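In: here you go, sequence then predicted model.
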Amino acid sequence: MEALRLDGNAAAGLLSEVFAGEVTTAVGTCDSCGAVEAVGAIHVYMAAGTVLRCPHCEAVVMKVVTDGERIWMDLRGLRTLELAS
Amino acid sequence: MEGAAVLGRLNWHVAEVADVWPETDRVKTLALDVEGWPGHRAGQHVDVRLTADDGYQAQRSYSIASPDGGPRVELTVERIDDGEVSPYLTGDAHAGDRFELRGPVGGYFVWDPDPGGPVLLVGGGSGVVPLMAMVRQRTANHDEVPTKLLYSARSWEDVIYRDELGRYGKRGDGLEVVFTLTREQPPDWTGFGRRVDRELLSQVAPPDLSLTLVCGPTPFVEAVAEALVGLGHEPSRIKTERFGPTGG
């Protein structure tokens, strides 16, 4: 599990399909522990889907699945996401 | 600028291979001409997408090795034998070949010319690639921030950019390059010969570090970040870019 851990940078290309602005410098708040981190510092696990976990409490903050035509996002673990406008 | 193009989502570009050269036995650099390339920041990466005749697509991320400048982008790629993309990029790709590329991606792990104090760059294996872009950008910009590059490789033969890095270390412009060779050292080797650990970092890392950027395989990055925090460096001033075994 640990060997498969990446950073938010690794999800940046995928997230750029959704967000217009730069997303790795966007700041997210973990709904589970309240920690505030840049997306670039969030842990990423890639398998059939992409799972982002809080680097402090390891709670899932974002899940993203794509089939090449549509993208599904589960953002339940993310209290807020602050992006440059 | 008000145009939607500025804030538009990243599109796939067509990249044409202009040149390819070997860096080590397993590593090559590809110089690409990318139509409509918007420029980039040192440390950013691109996604490369290959499409087979039957429509099957494989996609991987690669760090940009070159500083920003014009439509040409250099990627340095390590061959992963059972990979889907790197065997093509390091084996079959020749000048004139074309494939799709998306980027630049990622604004978090990037060169900061003025972080307020010394910068430490720590690279493990091909993790040196985005750090090399930063070193080159620093030189191109004439940035004066004191910078140290600590580069861990298995052997001297595995050191990417070794001639260029040797030159950089001697310019007297505030850039210092430190190597550690973890498996095999040349007979006359005077540098470090072991993994990057807390003791090695205590000798190499300036105490007043403003920013550390660490790139390499996940276990390498986590060991380095943990050791730096153990030495009293502020976690928020350590940025990491891990690459995992699923790459290639």
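Out: Sure thing, it's come through. Numbering: from 1, shown residues only, chains lettered A, B, ... in the order given.

In: low-scoring stretches of chain B, by residue?
Out: For chain B, residues meeting the criterion pLDDT under 70 lie at B:1-9, B:244-248.

In: show me the domain layout of it.
Out: As assigned by automatic domain parsing, chain B contains the domains B:4-105, B:119-243.

In: of all these, which lies closest to A:Gly68?
Out: domain B:4-105 (7.5 Å; Cβ to Cβ). Where C-beta positions appear, they are placed from N, C-alpha and C, glycine not excepted.

In: burial measure for the closest residue to chain A within chain B, as a count.
Out: In chain B, no residue comes nearer to chain A than B:Tyr108, which is 2.6 Å away by Cβ to the nearest Cβ. A total of 23 residues lie near B:Tyr108 under the criterion other Cβ atoms under 10 Å in any protein chain shown.

In: contacts only, for it.
Out: Listed by Cβ atoms under 8 Å, 6 or more residues apart in numbering or on different chains, the contact set of B:Tyr108 reads A:7-9, A:12, A:24-25, A:38-41, B:239.

In: rerun at 10 Å
Out: Applying Cβ atoms under 10 Å, 6 or more residues apart in numbering or on different chains, we find B:Tyr108 in contact with A:7-9, A:12, A:22-26, A:38-42, B:43-44, B:239-241.

In: need the domains of chain B in a markdown table with distance to A:Glu17 and mean neighbour count, can you?
Out: Formatted as a markdown table, these follow (distance: least, Cβ to Cβ, whole Å; neighbours: other Cβ atoms under 10 Å in any protein chain shown):
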| stretch | distance to A:Glu17 | mean neighbour count |
| --- | --- | --- |
| domain B:4-105 | 6 | 17 |
| domain B:119-243 | 20 | 19 |
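
In: could you export those as a markdown table, including distance to chain A?
Out: As requested, those are arranged in a markdown table below (distance: least, Cβ to the nearest Cβ, whole Å):
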| stretch | distance to chain A |
| --- | --- |
| domain B:4-105 | 4 |
| domain B:119-243 | 5 |
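
In: would you reformat these as TSV and include distance to A:Asp67?
Out: Shown next, in TSV, are the domains of chain B (distance: least, Cβ to Cβ, whole Å):
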stretch	distance to A:Asp67
domain B:4-105	12
domain B:119-243	25
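
In: quick one, which of the ones you listed gets closest to A:Asp31.
Out: Across those, closest to A:Asp31 is domain B:119-243 (Cβ to Cβ), at 20.9 Å.

In: thinking B:His233 is in contact with B:Ala225, fair?
Out: Yes. Between B:His233 and B:Ala225 a contact is recorded at 9.1 Å, counting by Cβ atoms under 10 Å.

In: which residues are common contacts for the two?
Out: B:Thr212.

In: so which residue is dead centre in chain A?
Out: By Cα atoms, centre = their mean, chain A has its centre lying nearest to A:Leu52, at 4.2 Å.

In: find the nearest non-adjacent residue to that one, please.
Out: A:Met62 (4.0 Å; Cβ to Cβ, 6 or more residues apart in numbering or on different chains).

In: for the one you found, give its distance to chain B.
Out: 15 Å (Cβ to the nearest Cβ, to the nearest Å).

In: related to what we said a few turns ago, now do the SS call for the residue of chain B closest to chain A.
Out: Following DSSP: H, G, I helix; E, B strand; the rest coil, we place B:Tyr108 in the coil state.

In: likewise for the one 4 residues further on?
Out: The three-state label for B:Asp112, taken from three-state DSSP, comes out as coil.

In: equivalent analysis for B:Gly127, please.
Out: helix.

In: among the contacts of B:Tyr108, which lie within helices?
Out: Within these, residues falling in helices by DSSP state H are A:Ala12.

In: output the contacting helices and strands for the helix or strand hosting B:Val48.
Out: Assigned by DSSP states H and E, B:Val48 falls within strand B:45-51. The contact analysis (3 or more Cβ pairs under 10 Å, 6 or more residues apart in numbering or on different chains; DSSP states H and E) places strand B:45-51 against helix A:12-15, strand B:12-22, strand B:27-34, strand B:57-63, strand B:72-78, strand B:98-105, helix B:128-141.

In: in chain A, what residue is nearest chain B?
Out: In chain A, the residue that lies nearest chain B is A:Gly40 (2.6 Å; Cβ to the nearest Cβ).
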